[in-house]
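S.K.: give me the fold of what follows.
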Amino acid sequence: MTRSPARLSACLASSLVLAMAAGTAAIAAPVAEASAARPAAYSATQFYETVDHRLAGGSGLAFSPDGRFVLMTSDQSGVFNAYAVPVDGGEPVALTTSTTNAIQALSWFPEDERILVISDRGGDERTRLYVRERDGGLRDLTPEGRVTSDLLGWSGDRSTIWIASTAQDRRAPDILAVDPVTYESRLLFQNPGMLIEAVSPDGRWVALRRQSGSADSDLYLADLTQAGEPRLITPHVGMVRHNVFDFTPDSSALIFGSDAAGEFGQAYRYDLASGAITEELKGDWDVIAAHFSPSGRYRVSAFNADARTEMTVTDMTTGAPIALKGVPAGDIGAVRFRADEERIVFTVSSSTSPADVFIADLTTGETRRLTQALNPAMQEDDLVEAVVVHYQGEGGVTIPANLYRPKGASAAAPAAGVVMVHGGPGGQARRDYSPIIQHLVNHGYAVLAVNNRGSSGYGKTFFRMDNRAHGEADLRDVVAGGQWLRDQDWVADDQVAVMGASYGGYLALAAQTFHPQAFEAAIDIFGVTNWTRTLEEAARLPESRRTALYDEMGDPATDAERHRRISPLFHAANIVKPLLVVQGANDPRVLKIESDELVAAVRANGTPVEYVVFPDEGHGFRRRENRVAAQEAYLRFLDRHLRSRSAQER
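M.R.: Take a look at the predicted model:
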């Protein structure tokens, strides 16, 4: 069971259908009257003393060889490190102790207590793969002359480690085979410039993806026992998205996704011997996961159902889903099997609860909690569940959004509001645990997390609506979300801000630039300010990623005028409302100079600008102390520039 380095993202916030039952009734309900009682107010430090747990094993082995421990990544020390969690209970044991760079746990070795981890430097995203040896030392598996490496997985017989590694003079990673005893490596497959998706357990087949556009892609198979170019297996007409889920454990078939049959993607089985394609799984939403236990007895499948993942574990010998006992309501994800398939571990999370690790017996269904992520000084009842709402965007397009209504907000005591914009382009605001949002809501802010047109999860037509039109109708969806908040009698109509990170940061800036009276303030967290520079820098990306980005955003060789027209930097004179800009000095995607130039230009207007730069961060936050500092900056800024003085004194 071997998946690409990007394979974890779809599995981290998933849910079993059985666990969703208690949480679905309120999804389509009207926005309920908030409780009159105000919750206890918690500091940013308290929110970030909640621990972020992430199970290993998406491409590796989550259980230790003796089955006594589960491998996970956790930031309980303040920096992400690798931990071993005792399955019989007890405190997690630290396996790495970095105080600077984040370390992510990937896999146990199959026969001893060594583990595989990856780490970059200061968030620069140039990851390298390491063995954490039995004595605690780290050994770099990145071969000489190569600049990045990541785990693709283990061969089915566990005799070989497969890694993706990029040479200095190449843009796309190749596949290397590494001996787990000697650590010697050899080139297994030289990448022709595509995205590596998976390697079959028997080591014969490599699944590759080539992007023709943001919503159009093809899958190829390379047979490592024969010479020749990879073979196209998804010929099609028009725009169709394809993606790889997994090879079957017996290496007889590839399970892949396609939206060729309708608005939403479904799963198919490609027989490697005959080339026959049959339907594997479909539903009313996109299939986002379909993979198997080591023997193939169990299939884990998941749908992206209205910003929440519904996951099912099916016993393929009976066709029946596994029923687990005592699982709290929420999203179940990251399902990992012990080698004997008698036990699984998984995470459970919700809007009000961060991910915790649970273990279950597949015979009895009995379940036990192994971790407690929420800060024990906090009460989950003080947090707010996300509710899906809808409003009308331009052209009658229905825009879904996740609403967080603070407790105590009413027409008599209206809350200030924040429109939160997700990253991407093409991301999605999910109904999972967000300390950024919950901290603001806990301090009295209503948050509307919008899924503007161009967001994933709502069908391919909706997803394509913003192609080569970014900063236009999608931006007006964000502005309309602000108006929707103002129209609620429990929101102060003169106290609404906009906020986002990455592409969401761009839209927050664009709102202040091109709709300067739409919001009272804005927070930009490493958002693009200059599309001309960003897309020129993208020329260094691998071909598939570059092609997809240019299809969505436009090629700088032909669309430079539009890129300049939608870039806040070149129109910064329009920004007249208070602005907070947050930037990582090592950000390889949104360069610090972009934020430097934007801040200088806005300050020249006489507009209040606050600028926070983290010297040891990249495109996101790896260190708890920096997350806390950023969160405190968000709240101070909003209190200062959004709320009235009387509101601040409440």
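
S.K.: following the chain onward from the least confident helix or strand in the chain by mean pLDDT, which element is next?
M.R.: When the helices and strands of the chain are scored by mean pLDDT, DSSP states H and E, helix 17-20 comes last with a mean of 31. Following helix 17-20 in sequence order, the next helix or strand is helix 44-48 (DSSP states H and E).

S.K.: who are the packing partners of that next one?
M.R.: helix 435-442, helix 624-641 (3 or more CB pairs under 8 Å, 6 or more residues apart in numbering; DSSP states H and E). Quick note: C-beta positions are derived from backbone N, CA and C, even for glycine.

S.K.: quick check: next helix or strand after that helix?
M.R.: Next helix or strand after helix 44-48 toward the C-terminus (DSSP H and E): strand 53-55.

S.K.: neighbouring contacts of that next one?
M.R.: For strand 53-55, contacts defined as CB atoms under 8 Å, 6 or more residues apart in numbering pick out 8, 12, 62, 70-74, 104-105, 334, 336, 345-347, 354-357, 371, 373.

S.K.: narrow the residues you listed to those in helices?
M.R.: Among the contacts of strand 53-55, no member falls in helices (criterion: DSSP state H).

S.K.: can you give me the helices for this structure?
M.R.: 17-20, 44-48, 435-442, 460-464, 473-487, 503-514, 531-537, 543-553, 560-566, 592-603, 624-641, 645-649.

S.K.: out of these, which gets nearest to Ala323?
M.R.: Nearest of the helices of the chain to Ala323, taken as CB to CB: helix 17-20 at 6.0 Å.

S.K.: quick one: which of the helices of the chain is nearest Gly330?
M.R.: Across the helices of the chain, closest to Gly330 is helix 17-20 (CB to CB), at 6.3 Å.

S.K.: wouldn't Gln438 be in contact with Thr352 here?
M.R.: Yes - between Gln438 and Thr352 there is a contact under CB atoms under 8 Å: 7.4 Å.

S.K.: out of the two, which sits in the more crowded spot?
M.R.: Gln438 (23 against 18; other CB atoms under 10 Å).

S.K.: rounded mean pLDDT for stretch 582-592, please.
M.R.: Mean pLDDT, computed over stretch 582-592, is 93.

S.K.: could you do stretch 83-94 as well?
M.R.: 95.

S.K.: can I get stretch 258-277 as PDB, trimmed to CA atoms?
M.R.: This file holds the C-alpha atoms of stretch 258-277, laid out as PDB (Å, rounded to 0.1, in the frame of the first residue of the first chain):
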ATOM      1  CA  SER A 258     -12.500  10.300 -12.100                       C
ATOM      2  CA  ASP A 259     -15.200  12.900 -12.500                       C
ATOM      3  CA  ALA A 260     -15.900  11.800 -16.100                       C
ATOM      4  CA  ALA A 261     -19.400  10.400 -15.300                       C
ATOM      5  CA  GLY A 262     -20.800  13.500 -13.700                       C
ATOM      6  CA  GLU A 263     -20.300  16.500 -11.400                       C
ATOM      7  CA  PHE A 264     -18.600  14.400  -8.700                       C
ATOM      8  CA  GLY A 265     -15.700  12.100  -8.700                       C
ATOM      9  CA  GLN A 266     -16.100   8.300  -8.200                       C
ATOM     10  CA  ALA A 267     -13.700   5.400  -7.800                       C
ATOM     11  CA  TYR A 268     -12.800   2.900 -10.500                       C
ATOM     12  CA  ARG A 269     -10.700  -0.300 -10.600                       C
ATOM     13  CA  TYR A 270      -8.200  -0.700 -13.500                       C
ATOM     14  CA  ASP A 271      -7.200  -4.300 -14.000                       C
ATOM     15  CA  LEU A 272      -3.400  -4.300 -14.700                       C
ATOM     16  CA  ALA A 273      -3.500  -7.500 -16.700                       C
ATOM     17  CA  SER A 274      -6.400  -6.800 -19.000                       C
ATOM     18  CA  GLY A 275      -6.800  -3.100 -18.900                       C
ATOM     19  CA  ALA A 276     -10.500  -3.500 -18.000                       C
ATOM     20  CA  ILE A 277     -12.000  -0.600 -16.000                       C
END
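
S.K.: show me what that stretch is in contact with.
M.R.: Under CB under 8 Å, 6+ apart, the answer for stretch 258-277 is 200, 205, 221, 233-234, 236, 240-243, 245, 248, 251-257, 278-288, 290, 301, 459-461.

S.K.: can you check stretch 371-383 too?
M.R.: Here stretch 371-383 makes contact (CB under 8 Å, 6+ apart) with 39-40, 42, 46-47, 49-53, 85, 92, 351-357, 407, 438, 441-442.

S.K.: try it again with 7 Å
M.R.: For stretch 371-383, contacts defined as CB atoms under 7 Å, 6 or more residues apart in numbering pick out 39-40, 42, 46, 49-51, 53, 85, 352-357, 438, 442.

S.K.: out of the residues you listed, which end up buried?
M.R.: For the contacts of stretch 371-383, a neighbour count by 16 or more other CB atoms under 10 Å gives the buried set as 39, 42, 46, 49-51, 53, 85, 352-357, 438, 442.

S.K.: widest-spaced pair of these?
M.R.: Largest separation among those by CB to CB: Pro39 and Val85, giving 30.5 Å.

S.K.: in JSON lines: the helices and strands packed on helix 44-48, plus distance to Asn605 and mean pLDDT.
M.R.: Shown next, in JSON lines, are those (distance: least, CB to CB, whole Å; pLDDT from 0 to 100):
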{"stretch": "helix 435-442", "distance to Asn605": "27", "mean pLDDT": "98"}
{"stretch": "helix 624-641", "distance to Asn605": "15", "mean pLDDT": "97"}
